[in-house]
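Student: have a look at this prediction, sequence included:
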Amino acid sequence: MLAVYLCEDNPEQLKHYTDVVQRYIMINDYDMQVQLATPSPQKLLANLTANPPEYALFFLDIEFPAEDITGLELAITIRQRLGFAEIVFVTTHSEMALLTFERKVEPMDFIVKDLGRAQIDQKLRENIDYGYERYTNYLGNTENLFSYTIGGRQFSMPMGDVYFVATSDMAHKVTVHAANQLVEFPGFLKDIADEYPELYRTDKSFLVNLANVSGLDVPNRRLIFPNGDETDVATRRFHEVKTLVQKHLKA
């Protein structure tokens, strides 16, 4: 998931930007979430320390008169702490644009507030699109992905996040149960099994990522996952699955 952070010391602007970002993420069904919207750069840094994201997109003001840290210094710290961070500045200080490049911050964009609300909103949406595209391209180059299609659009998540894929109550659909989400999409388990041999067919209704199993319910022949979800295992396959899972758990 791509985590989104907003830091703006004007409360009205912060609320508006957050509303625009959340609405656009929802409309496009992006695998993104606003993790924090705050007027304080110090609160943002504290949040990153307590819960560092793996992938993040930031919308930052540059000047915080009431704080002892500037948006530029905040961005430099973000660059030092995170491996994947896309940064967009939203500010009245257009003269600071060159300095952001001189300090090696390498922002994705620089939105000037003088553009007016309508153009700022459009710029925010464009940067969500571009940030999400860069995120998915990065994943495609660095991680083994599980991909699926909804309404003609392709989505992806790291295979390491997938717990299992199950048949849905809806005909010709399946659901993928993952660490941070549950998604239903058109498909058949057989096709998914052919495409992703790393998923183990435990019975007619489940394809399981055995690396994510957190426990075994031996009497009931069920696998347990970190979020509390459980899947069945066919009787004839339980011994093999049990051996594989116990080996993983010991490791």
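Tutor: Perfect, I can see it now. This is a predicted model, so every value here is computed, not measured.
Student: quick one: the helices in the stretch 51-200 of the chain, in order.
Tutor: 71-81, 97-102, 117-142, 189-195 (DSSP state H, counting those that start in this stretch).
Student: please identify the deepest-packed of these.
Tutor: Of all the helices of the stretch 51-200 of the chain, helix 71-81 carries the top mean neighbour count, a mean of 18, counting by mean count of other C-beta atoms under 10 Å. Any C-beta I mention is one placed from the backbone N, CA and C, and that applies to glycine too.
Student: just the CA trace of it, in CSV.
Tutor: Provided in CSV are the C-alpha atoms of helix 71-81 (Å, rounded to 0.1, in the frame of the first residue of the first chain):
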residue,chain,number,x,y,z
GLY,A,71,9.3,21.9,5.1
LEU,A,72,12.6,21.6,3.2
GLU,A,73,14.3,20.3,6.3
LEU,A,74,11.4,17.9,6.8
ALA,A,75,11.8,16.6,3.3
ILE,A,76,15.5,16.1,3.7
THR,A,77,14.8,14.0,6.9
ILE,A,78,12.2,12.0,5.0
ARG,A,79,14.7,11.3,2.3
GLN,A,80,17.2,10.0,4.8
ARG,A,81,14.7,7.8,6.6
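Student: so how far is Q13 from the residue nearest to K15 when sequence neighbours are not counted?
Tutor: Closest residue to K15 apart from its sequence neighbours, by C-beta to C-beta, 6 or more residues apart in numbering: A37 at 7.8 Å. To Q13, A37 is 11 Å away according to C-beta to C-beta, to the nearest Å.
Student: just give the number of residues close to D9.
Tutor: Using other C-beta atoms under 10 Å, D9 is surrounded by 17 other residues.
Student: correct me, but it touches A66?
Tutor: Yes. Assessed by C-beta atoms under 8 Å, D9 is found in contact with A66 at 6.8 Å.
Student: show me the domain layout of this structure.
Tutor: Following automatic domain parsing, one gets these domains for the chain: 2-142, 157-250.
Student: quick one, strands of the stretch 1-150 of the chain?
Tutor: 2-7, 32-38, 55-60, 84-91, 109-112, 145-150 (DSSP state E, counting those that start in this stretch).
Student: in the protein, what spans have low per-residue confidence?
Tutor: Low-confidence segments of the chain (pLDDT under 70): 93-105, 141-143, 251.
Student: residue nearest the middle of it, spatially speaking?
Tutor: M1 (0.7 Å; C-alpha atoms, centre = their mean).
Student: quick one: that residue and Y30 touch, right?
Tutor: No. Using C-beta under 8 Å, M1 makes no contact with Y30, being 9.3 Å away.
Student: hang on, the earlier thing: what sits in contact with each of D9 and A66?
Tutor: Both D9 and A66 lack any common contact, where contact means C-beta atoms under 8 Å, 6 or more residues apart in numbering.
Student: before we move on, the earlier item: what's the closest of the helices of the stretch 51-200 of the chain to L210?
Tutor: L210 lies closest, by C-beta to C-beta, to one member of the helices of the stretch 51-200 of the chain: helix 189-195, at 13.7 Å.
Student: quick one: strands adjacent to the helix or strand just after the closest one?
Tutor: As assigned by DSSP states H and E, the chain's next helix or strand after helix 189-195 is strand 200-203. If you go by DSSP bridges, strand 200-203 pairs up with strand 206-208 (antiparallel).
Student: give the buried residues for the very next helix or strand once past the strand it pairs with.
Tutor: Downstream of strand 206-208, the first helix or strand assigned by DSSP H and E is strand 215-217. Neighbour-count burial for strand 215-217, counted by 16 or more other C-beta atoms under 10 Å, picks out L216.
Student: remind me what strand 215-217 packs against, helices and strands.
Tutor: strand 222-224, helix 235-250 (3 or more C-beta pairs under 8 Å, 6 or more residues apart in numbering; DSSP states H and E).
Student: how does it look with 6 Å?
Tutor: If contacts are counted by 3 or more C-beta pairs under 6 Å, 6 or more residues apart in numbering; DSSP states H and E, strand 215-217 sits against no helix or strand.
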